[in-house]
Structure formats: C-alpha cells, structure tokens
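S.K.: Sequence and predicted structure are below.
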Amino acid sequence: MRIMGLDFGSKTVGVAISDALQMTAQGVETIPRKSPGKLRQTLARIEELIIEYQVGTIVLGFPKNMNNTEGERCAKTLEFKEMLERRSGLCVVLWDERLTTVAAERTLMESGVRRESRKSYVDKIAAVLILQGYLDSQAFQEEQGENRDCKGMA
C-alpha cells in the first residue's frame, strides 16, 4: 500500500504519493478547487487517485501558526480531514506543515522555474515535502523499534 500526501489550500490541493516501499514521495498533481466552500469534485478526484495508486493512508498537512497555535486554516483542515475519512474509509494523519510552502517556493526558485509558473507547482511540491517528512519520521521510528501507527498528529 502507498501513502498519499495532501497540501490542502483554499484554491488548490497538492497531491503526492509514496513509492511502494514507502521511502520516497513523488508529486502527482495539483487539484484546482472551484470554490472554497465546495469540495465534492476535489474529494471525487482524491478518491480516484486513492484507487489508482492503491493508497492505504493519507497524510494531510496541518497548517499551524509559527507560534504553534491553531487558526482558521487549521479548523478548515480538520473539517476536510473528517470528510476525507468519511468518504475514503482511510486513516488520515495530520502532519505539521509549517514552512513547507516556503521551502517549495525556494526549491522552485533554485530550479530556475519562472515566477509565473511557480504557482502551478508550489502546492504539489509542498505535498511532496509533507509526505517525505512523514515517511522519514516513520522510517526513524521503525529504526528505533517504535510502532508505526495511524493515529492523531504525527
């Protein structure tokens, strides 16, 4: 089973998928959202990707503030998490995503991607960074002999 990483935003959702060994994350696509309040098409596309890639777990970026507080974006992300769990039947793990968008922007700049083009890639790259952070954490925990689980905030 593979793991899916999501960067949930108000206009788009970046998607990344792990390899079969759950060691590396690859960007898959950026799903455009038609309107901030409507998620039916977004969830339907995510479900298609879950089936296509045989996903067993979803890692969802959790946008805490820099001072570790939870703002309005966290509340919306928690609502999205519940919808994902209901529709997919999969475990959805929240993963601290602070600075992933900044790191994604920096990666794109260093790669020479033009400013106008970056917007279409940044959420997908952020999803890769979220998922890779989770995969690395799971590998470390396994090395330490800790159980891999699918509960709560990783």
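M.R.: Structure's in. What do you need?
S.K.: that's a helix at residue 130, yeah?
M.R.: Yes. Under DSSP: H, G, I helix; E, B strand; the rest coil, residue 130 sits within a helix.
S.K.: pretty sure it contacts residue 4?
M.R.: No. With contact defined as Cβ atoms under 8 Å, residue 130 and residue 4 do not form a contacting pair (10.3 Å). For every residue, glycine as well, the C-beta is placed using N, CA and C.
S.K.: State the phi and psi torsions of the closest residue to residue 18 other than its chain neighbours.
M.R.: In space, and not counting its chain neighbours, residue 18 is closest to residue 3: 4.3 Å by Cβ to Cβ, 6 or more residues apart in numbering. Dihedral pair for residue 3: phi -120, psi 140, per degrees, to the nearest 10.
S.K.: Was I right to think residue 3 contacts residue 24?
M.R.: No. Between residue 3 and residue 24 there is no contact under Cβ under 8 Å: 10.7 Å.
S.K.: For the residue nearest to residue 18, which residues count as its bridge partners?
M.R.: Beta-bridge partners for residue 3, by DSSP bridges, are residue 57.
S.K.: which other residues reach the helix or strand encompassing residue 6?
M.R.: Assignment of secondary structure by DSSP states H and E places residue 6 within strand 2-8. With contact meaning Cβ atoms under 8 Å, 6 or more residues apart in numbering, strand 2-8 is reached by 13-20, 22, 25, 46, 49-50, 53-61, 76-77, 80, 95, 97, 100-101, 123-124, 126-128, 130-132, 134-135.
S.K.: how does it look with 7 Å?
M.R.: Among residues not part of strand 2-8, those counted as contacts by Cβ atoms under 7 Å, 6 or more residues apart in numbering are 13-18, 20, 22, 25, 49-50, 53-61, 77, 80, 97, 100, 123, 126-128, 130-131, 134-135.
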